[in-house]
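>>> Here is my input, please return the structure:
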Amino acid sequence: MRREYTDESLNDIHRLDMCTMLARYQHVTCIGINGINSSGLGLTGSGINIGQVEIRRPLKFGFDTTGVNVSIKPKEVYFRDALITIPGELDGTHPTEVAGVMISTDSDQLASGVATGTDLYASAYGPDFSVTQDDIEISFNRIASINDNGLPSNASIDDVRGINASFGFDLGQNSIGDGNSQLSLFVDWSAKKHDVLYVTAGGESGKVNIFPPSDNFNGMTVAASTKAGGVYSRVASFNNQDIDADGVRNSIDILAPGEGFPLATVGNLTRTANGTSFAAPHVTGTIALLQQFGDAKIAAIAQNWTGTVASGPSARRHEVMKAVLMNSADKLIDNGTVKLPGATTTIPQGNLLGMSRTVLKEDGTSNWFDSDAYLDGGFLDEDTPLDEEMGAGHLNAKRALQQFIPGEHDFNGTFSTPIVGDVPVIGWDYDTISGTNFPINKYLLDETLEAGKFISITLAWDREVEFANDADMDGNFDTGDTFQMYTNLDDVLTDLDLYLVSAGTNDIGEDDIAISLSSVTSVEHIFTEIPFDGEYEIWVFRNEQFAPAQDYALAWWYGLAPEPPIDGDFDGDGDVDAADLSQWEGDFGINGDSDADVDGDSDGTDFLVWQRNFGLGVPSAQNSLAVPEPTASLLFMLGLLYGSSRKMSKRVGT
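Numbering: from 1, shown residues only. Down below sits the predicted model:
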């Protein structure tokens with residue numbers, strides 16, 4: 001949808017100085033550099049579908065008649081599996097605000113969503129708390145099946161890629177978060193059936209019962225962060241991880257902002273609210289951004305983006321999104337100030353993968369090095385892949401894009417076959433491990449790794465869920481269908497382990513550098529220091545002699561990643577500055593060489609993108625400069641744009 005220009009917006013083109021814009025768009029908001037760092041990436045989620053399920057549904061501008069917010073316009077809204085046709089039916093404030101975190105276009109009030117160009121499909125399972133798990137499953141199934149055209153999951157470009165679940169279903173007293181509720185079983189079944197990543201809100205204090213589906217295996221559960229020193233980097237005090245998963249399993253996968261930022265709400269207003277409900281949609285929105293990038297690469301038949309499986313392109317797999325998001329999460333700031341436990345000197349800048357913040361646990365002092373995921377009794381931990389409070393760390397959309405950009409790289413050896421070739425030091429893969437006698441898939445990294453630098457590796461796969469009762473035996477979910485509960489987790493969860501070993505190692509236990517070998521999770525994660533210069537291999541190991549073939553996603557990162565393209569950097573030199581304005585002036589109305597919004601031309605919208613991102617990538621010494629004043633020719637062009645938009649406004653009666 002085209003932006004309509006007003007007298008005020010045109011005046012703003014030369015009214016705002018750079019400091020004001022950076023404060024508004026890059027630092028203050030939860031999507032700026034102190035939040036999830038998703039603004040300025042040149043991505044809006046355009047062409048991607050995501051979903052939302054709650055007890056009620058968001059208000060829809062253009063359909064509902066009262067209380068709407070013009071910046072929030074879901075594509076479709078449902079009551080369970082039926083399209084809502086009566087304005088005002090089952091709408092609600094909470095789902096409207098959650099939707100706003102994902103898709104709000106309200107940048108003027110600092111409540112812009114993560115993925116303003118994506119299409120959101122929402123279903124209400126209400127009307128009240130008397131609903132059953134089956135009612136919720138009907139809503140999930142409706143959204144997961146959007147645009148289902150009979151093709152394999154995600155072979156179609158218009159399938160839903162992520163579903164946000166900012167709610168929990170109260171199982172009552174003495175409940176266990178073992179993933180055995182019908183709701184959590186459905187989520188894990190649907191994740192694989194529909195190839196969609198479910199994103200659920202983690203538990204909060206004041207609640208004592210289990211609230212599925214936050215104890216699922218195949219999706220992601222999100223805890224909320226709050227600001228420390230102006231940066232979203234501390235686990236918020238209202239999180240309650242104890243109610244999410246049973247036993248030693250830590251169900252929190254990642255942190256995202258959940259406190260102290262403006263939300264677009266009903267009646268074109270904004271308000272501030274707190275909760276894991278508002279952390280989860282940051283992750284769902286980021287999925288849309290990454291999928292937009294991936295689909296463009298797939299369409300262009302780009303190198304390392306042509307991998308496919310029976311379900312469609314590898315880049316669309318939900319396991320890939322999960323591994324990419326988790327492996328790129330921030331843990332420890334890479335600025336030369338962080339020390340290893342017991343060390344007297346700091347880790348040199350450049351050794352911590354370019355991470356942008358140190359994430360603190362709820363106590364305000366403990367970081368990843370204090371976590372059970374890193375140390376256990378003074379030794380490197382092997383069976384606790386994630387921290388119970390922060391998961392793998394804090395969501396960083398820019399780093400997730402950097403993790404995703406190198407594309408897919410297949411394993412290049414197995415336990416029984418020699419390694420041929422190698423993989424880059426940053427990349428990902430969607431693959432299968434199969435065979436008998438404890439198989440291994442091997443990835444030889446193509447560079448010598450340096451002692452003292454860190455590497456991050458994440459492995460994600462699905463647990464199996466099957467029907468207990470599929471009444472019509474069609475393999476699809478219908479009202480009344482149920483799923484098999486497990487009594488032995490080993491029966492439904494393949495035991496995959498993750499190893500970093502010296503190149504040339506022949507067998508498990510021979511020369512292990514780092515290991516992640518939890519037997520109760522569907523994620524393994526390694527974040528470790530390289531002990532000595534040398535060549536290394538990553539191994540995916542199935543710790544079972546006989547088992548069915550198991551699909552998995554693997555993401556790895558060593559060293560510093562190249563900067564992704566900056567939205568508004570029209571001359572491609574790595575910054576947004578006055579030279580890009582000159583480039584845009586020459587391209588305006590002629591070609592698409594200054595096309596920031598990917599609509600094929602160079603127009604006024606692209607100028608506003610440049611203006612918003614002016615100063616990104618520019619050395620700090622230049623950041624005191626104001627936005628350049630428009631030239632006479634620029635003002636003339638914008639005047640033409642303004643005049644045409646006024647005529648259009650009159651024609652459409654706005």
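
>>> how close does Val454 sit to Val425?
Quick fix: residue 454 reads Phe, not Val. 12 Å (CB to CB, to the nearest Å). For glycine as for every other residue, the C-beta is placed from the backbone atoms N, C-alpha and C.

>>> Thr346 too?
Taking CB to CB, one finds Thr346 at 23 Å from Val425.

>>> So between the two, which is more surrounded?
Ranked by neighbour count (other CB atoms under 10 Å), Thr346 and Val425 place Val425 first, with 19 against 13.

>>> quick one: contacts for the more buried one?
Leu445, Asp446, Glu447, Leu449, Trp556, Trp557, Tyr558, Gly559 (CB atoms under 8 Å, 6 or more residues apart in numbering).

>>> what's the burial count for the nearest residue to the second one once chain neighbours are set aside?
Nearest non-adjacent residue to Asp446, counting by CB to CB, 6 or more residues apart in numbering: Asp422, 3.9 Å away. Other residues within reach of Asp422, judged by other CB under 10 Å, total 17.

>>> ok, Asp422 - contacts?
Asp422 touches Asn412, Leu444, Leu445, Asp446, counting by CB under 8 Å, 6+ apart.

>>> of these, closest to Ala373?
The closest of the contacts of Asp422 to Ala373 turns out to be Leu445 (CB to CB; 22.7 Å).

>>> so how far is Tyr552 from that closest one?
From Leu445 to Tyr552 the distance is 18 Å (CB to CB).

>>> Could you do Ala578 as well?
48 Å.

>>> higher neighbour count, those two?
Between Ala578 and Tyr552, Tyr552 has the larger neighbour count (other CB under 10 Å), namely 25 against 14.

>>> Counting neighbours, what do you get for the closest residue in space to that one that isn't next to it in sequence?
Distance criterion CB to CB, 6+ apart; nearest residue to Tyr552, sequence neighbours excluded, is Trp461 at 4.1 Å. Close neighbours of Trp461, defined as other CB under 10 Å, add up to 24.

>>> Looks like Trp461 contacts Gln550 (just checking).
Yes: with contact defined as CB atoms under 8 Å, Trp461 reaches Gln550; the gap is 5.9 Å.

>>> Mind listing the shared neighbours of these two?
In contact with both Trp461 and Gln550: Thr494, Leu496, using CB under 8 Å, 6+ apart.

>>> tell me the SS of Gly342?
coil (DSSP: H, G, I helix; E, B strand; the rest coil).

>>> brain fart, Leu183
At Leu183 the chain is in helix, as set by three-state DSSP.

>>> Return the residues in contact with it.
Gln133, Ile136, Glu137, Phe169, Pro212, Pro213.

>>> next one: Ile405
Contacts of Ile405 (CB under 8 Å, 6+ apart): Phe293, Ala561, Pro562, Pro564.

>>> How about the secondary structure of the last one?
What it means is Pro564. coil.

>>> So it is in contact with Leu41, correct?
Yes: using CB under 8 Å, Pro564 is in contact with Leu41, at 6.3 Å.

>>> The two - which one has more neighbours?
Leu41 (22 against 18).

>>> Was I right to think that one contacts Gln402?
No: the pair Leu41 / Gln402 is not scored as a contact, 10.1 Å apart, by CB under 8 Å.

>>> list the residues that contact both of the two?
Pro564.

>>> Compute the distance between Ser233 and Asp569, please.
Relative to Asp569, and taking CB to CB, Ser233 is found at 27 Å.

>>> whoops, I mixed them up, Thr479
51 Å.

>>> For the two, indicate the residue with more neighbours.
Using other CB under 10 Å as the criterion, Thr479 and Asp569 rank with Asp569 on top: 24 against 12.

>>> Once you drop chain neighbours, what's closest to Asn37?
Lys398 (4.3 Å).

>>> Three-state assignment for the one you found, please.
Going by three-state DSSP: Lys398 is helix.

>>> dump the residue contacts of it.
Per CB under 8 Å, 6+ apart, neighbours of Lys398: Asn37, Ser38, Leu41, Pro564.

>>> Of those, which is the nearest to Ser594?
Leu41 (17.0 Å).

>>> who's in contact with the nearest residue to Gly393 once chain neighbours are set aside?
Once flanking residues are discounted, Gly393 sits nearest to Ala329: 3.2 Å by CB to CB, 6+ apart. Ala329 is in contact with Ile254, Leu255, Gly391, Ala392, Gly393, His394, Leu395, Asn396, Arg399, counting by CB under 8 Å, 6+ apart.

>>> Go through those residues and name the one nearest Leu110.
Closest to Leu110, out of all of those and judged by CB to CB, is Leu395, at 18.9 Å.

>>> and that closest one, how many neighbours?
31.

>>> again with Asp363
11.

>>> Correct me if wrong, but it is in a helix.
No: looking at Asp363 with three-state DSSP, it is coil, so not inside a helix.

>>> Look up how far Phe369 lies from it.
14 Å.

>>> Can you show me the CA trace of the helix or strand where Val187 lies as CSV?
Following DSSP states H and E, one finds Val187 within helix 182-193. What follows is helix 182-193, C-alpha atoms only, in CSV (Å, rounded to 0.1, in the frame of the first residue of the first chain):
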residue,chain,number,x,y,z
GLN,A,182,-3.2,-32.3,23.8
LEU,A,183,-2.5,-28.6,23.0
SER,A,184,1.3,-29.0,23.1
LEU,A,185,1.1,-32.3,21.2
PHE,A,186,-0.9,-30.5,18.5
VAL,A,187,1.7,-27.7,18.2
ASP,A,188,4.5,-30.2,17.7
TRP,A,189,2.4,-32.3,15.3
SER,A,190,1.4,-29.2,13.3
ALA,A,191,5.0,-27.7,13.3
LYS,A,192,6.0,-30.8,11.2
LYS,A,193,2.8,-31.3,9.3
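
>>> Report the mean confidence score over it.
Averaging pLDDT along helix 182-193 gives 97.

>>> can you check stretch 355-365 too?
97.

>>> That stretch spans what distance, first to last residue?
18 Å (CA to CA, to the nearest Å).

>>> cool, and stretch 265-283?
Per CA to CA, stretch 265-283 runs 19 Å from first to last residue.

>>> Same question for it: list its buried residues.
Applying a neighbour-count criterion of 16 or more other CB atoms under 10 Å, one finds 265-266, 270, 273-283 buried in stretch 265-283.

>>> Check the offset of that stretch from the chain's centre.
17 Å (CA atoms, centre = their mean, to the nearest Å).

>>> Equivalent analysis for stretch 303-314, please.
On CA atoms, centre = their mean, the centre of stretch 303-314 falls 20 Å from the chain's centre.

>>> ends of it, how far apart?
13 Å.

>>> I'd like the average pLDDT over that stretch.
Mean predicted lDDT for stretch 303-314 stands at 88.
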